[in-house]
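[1] model this:
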Amino acid sequence: MVFSSTTFLLAFLPLVGILYFICPRRLRNALLLVFSLLFYGWGEPKYILIMLFSTVFDYCNGLAIGHFRAVDKPRGAKAVLIVSVMGNLGILGFFKYTDFAIANLNGLLGTAIPALGLLLPIGISFYTFQTMSYTIDVYRGVVPPQRNIIDFSAYVTLFPQLIAGPIVQYKTVAADLRHRVHTSENFALGARRFCVGLAKKVLLANSIGALWEEC
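    Next up, the predicted model:
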């Protein structure tokens, strides 16, 4: 599902908007999480497990770092941070560079190792660096560990930026996960920004892309 599709514009987005504003405030993050998973799974259902693993992995890492900081064991906190960074970069590197490494290895050594034919999961760079930014923020003491896994998962999977970015640092939205303010003015500003972006995508980017392909 893409933002300029009729499915998103005429069904998905209106449904999410209506349900969000009639839903009790305490359940809104859960609602966003469910619809974000649906949005992501629409195109790549098999890769939801990778995103969920990254989410749970760094949720637990954040709690562990917070524990070690609370008991004044900085080495333990640093060890968990290293595990988080290496684990996240390992997953990202596996999908992005495994076939590239195999091809180069075959070229250098004359071997015939078959490529794995891996498809890069949509948005993996965005959510990988977002979960990693969380553990880094917790380690630095910028934010406390998030103990509500629904709130944390909503931050990671939020569909407006999941597949197209930008990468959102946890510290910039930590307070908004539970205490965001909704006003008609903010809604109007958001709607205007969305419409302008949609116009740029449909009228400019798509047209220029088609022209480029013809050339």
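[2] Could you identify the longest helix within this protein?
    Secondary structure of the chain per DSSP state H: the longest helix is helix 74-109.
[3] who's sitting farthest from the centroid in this protein?
    residue 110 (38.9 Å; Cα atoms, centre = their mean).
[4] For the residue most central in space within the chain, list the residues it contacts.
    Geometric centre of the chain, nearest residue: residue 127, 2.9 Å, by Cα atoms, centre = their mean. Counting by Cβ atoms under 8 Å, 6 or more residues apart in numbering, residue 127 makes contact with 51, 54-55, 156-157, 162. C-beta here means a position set from N, CA and C on the backbone, and glycine is covered the same way.
[5] repeat that for 6 Å
    Counting by Cβ atoms under 6 Å, 6 or more residues apart in numbering, residue 127 touches 51, 156.
[6] how about it, phi and psi?
    phi -70, psi -20 (degrees, to the nearest 10).
[7] May I see the buried residues of stretch 23-36?
    Residues of stretch 23-36 classed as buried: 28-33, 35-36 (neighbour count, 16 or more other Cβ atoms under 10 Å).
[8] Same question for stretch 76-86.
    Neighbour counts using 16+ other Cβ under 10 Å place 77, 80-81, 84-85 of stretch 76-86 among the buried residues.
[9] Now the residue farthest from the centre of the chain: phi and psi?
    Per-residue torsions, residue 110: phi 70, psi 20 (degrees, to the nearest 10).
[10] I'd like to know how far it sits from residue 126.
    38 Å (Cβ to Cβ, to the nearest Å).
[11] Could you do residue 44 as well?
    Residue 44 sits 14 Å away from residue 126, going by Cβ to Cβ.
[12] residue ranges with poor pLDDT in this protein?
    Applying pLDDT under 70 to the chain flags residues 165, 212-215.
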